[in-house]
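J.: no sequence on this one, just coordinates:
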């Protein structure tokens with residue numbers, strides 16, 4: 001009720017100031033307080049995380065932000081990219097809202113050695129150590145944005161912990177390397193169950209498993225059979241569970257992306273589908289600024305933009321915060337604040353529909369102007 005009152009109050013006045021919106025939001029905050037760990041990251045991270053926080057706070061949700069420095073820029077100041085304090089905070093708080101990270105230069109893992117193990121990137125630390133097994137990337141067309149396809153609305157769910165990305169490679173002789181493709185029943189069950197629950201919770205109609213069981217008969221066969229076993233054992237409520245060969249899916253995505261709804265992928269195929277789906281959604285000028293991402297585990301969840309840190313435009317005030325804001329919408333849903341999540345996404349989409357275009361799409365709206373427009377539509 002309070003949320004609907006806020007919605008009516010903020011939509012009947014067209015020139016509401018950002019300060020007044022924040023004041024209304026404070027009066028309409030939910031009684032439940034959420035604690036969220038936040039890292040600005042590198043490059044444009046500080047600008048877009050700050051922008052997204054302002055929009056999230058304007059929904060009225062009561063969030064207590066626990067801020068920490070982490071990343072390559074922090075390492076240049078402190079000598080540490082990531083350490084036990086970051087791990088302890090994420091382990092305790094359980095929800096992380098972060099900006100993009102810059103991969104350290106040079107081919108070394110020394111920057112991300114944590115708790116006795118080395119990792120190839122800061123992002124990999126959290127995904128592997130905390131078993132954030134499901135990488136979730138919604139791909140949705142934005143009104144007013146020129147793109148190769150319109151009305152795209154699909155979700156890619158990628159198993160995040162195994163397949164060929166476990167790093168198990170061995171030189172057999174001077175000319176041969178063996179790479180292990182690890183697929184387990186447990187991980188396959190976990191991502192299948194997550195995909196079905198996601199589809200039910202988000203009113204999706206179809207979940208499609210990607211595979212190459214025609215070639216990888218044992219490994220992908222296990223993933224595929226487990227998917228269908230879990231579908232048969234689950235009350236899907238009318239949701240269709242089917243499967244598609246990974247290579248034919250990639251082709252079909254470039255021809256008719258609307259034919260898919262939720263894709264449930266082993267790690268490798270999810271990694272191939274994700275950049276292709278970003279291409280579908282990125283617009284003709286090459287921006288990845290529309291693409292949010294969530295990495296979900298049993299006890300922890302991490303939300304971040306799909307794009308990089310863009311150090312070349314850092315500090316210029318022109319970074320597009322859309323992906324970070326949409327990642328915030330995903331975080332709000334994860335926290336159970338579904339109404340606030342939907343209102344914020346609707347406000348962002350209304351901004352685009354109104355003709356306000358960020359700089360990376362060829363428009364004139366800088367970071368602050370995007371935020372002001374979103375707050376207006378709240």
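T.: Structure received. Everything quoted here is computed from the prediction, not taken from an experiment.
J.: alpha carbons only for contacts and neighbour counts from here, please
T.: Fine.
J.: which helix or which strand is home to the spatially most central residue of the chain?
T.: What sits nearest the mean C-alpha location of the chain, by Cα atoms, centre = their mean, is residue 293, with 0.7 Å. Taking DSSP states H and E as the definition, residue 293 sits inside strand 292-296.
J.: any idea how far that strand is from the chain center?
T.: Distance, stretch centre to chain centre, for strand 292-296: 3 Å (Cα atoms, centre = their mean, to the nearest Å).
J.: hmm, who's touching it?
T.: 127, 132-138, 301-306, 323-324, 326-327, 330-331 (Cα atoms under 8 Å, 6 or more residues apart in numbering).
J.: quick one: strands adjacent to the very next helix or strand once past it?
T.: Later in the chain than strand 292-296, the nearest helix or strand by DSSP H and E is strand 301-305. Sheet pairing of strand 301-305 (DSSP bridges) gives strand 95-98 (parallel), strand 292-296 (antiparallel).
J.: please tabulate those strands in CSV, including the columns mean pLDDT.
T.: Formatted as CSV, the strands paired with strand 301-305 follow (pLDDT from 0 to 100):
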stretch, mean pLDDT
strand 95-98, 98
strand 292-296, 96
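J.: need those in CSV with distance to residue 220, can you?
T.: Output for the strands paired with strand 301-305, formatted as CSV (distance: least, Cα to Cα, whole Å):
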stretch, distance to residue 220
strand 95-98, 32
strand 292-296, 22
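J.: ok, residue 103 to residue 92 distance?
T.: Distance from residue 103 to residue 92, counting by Cα to Cα, to the nearest Å: 26 Å.
J.: which of those two has more neighbours?
T.: Using other Cα atoms under 10 Å as the criterion, residue 103 and residue 92 rank with residue 103 on top: 18 against 11.
J.: quick one: neighbours of residue 344, just the number.
T.: Residue 344: 25 surrounding residues under other Cα under 10 Å.
J.: hang on, it packs against residue 330?
T.: No. Assessed by Cα atoms under 8 Å, residue 344 is found out of contact with residue 330, at 10.4 Å.
J.: contacts for stretch 227-242, please.
T.: With Cα under 8 Å, 6+ apart, stretch 227-242 has contacts from 188-189, 192-193, 196, 199-200, 204-209.
J.: where along this protein do the helices fall?
T.: Here the chain has its helices, by DSSP state H, at 2-11, 18-27, 45-58, 72-78, 84-93, 122-129, 185-201, 219-232, 246-255, 267-281, 322-334, 338-353, 367-377.
J.: which secondary structure elements does the third one contact?
T.: Read it as helix 45-58. Counting contacts by 3 or more Cα pairs under 8 Å, 6 or more residues apart in numbering; DSSP states H and E, helix 45-58 packs against helix 18-27, helix 322-334, helix 367-377.
J.: let me see the mean pLDDT of the shortest one.
T.: This means helix 18-27. Averaged across helix 18-27, the pLDDT comes to 46.
J.: and residue 54, what does it touch?
T.: Taking Cα under 8 Å, 6+ apart as the test, what residue 54 contacts is residue 371.
J.: show me this protein divided up by domain.
T.: Following the TED database, the chain resolves into domains at 34-132+295-377, 148-281.
J.: in CSV: these, plus distance to residue 289.
T.: Formatted as CSV, the domains of the chain follow (distance: least, Cα to Cα, whole Å):
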stretch, distance to residue 289
domain 34-132+295-377, 5
domain 148-281, 9
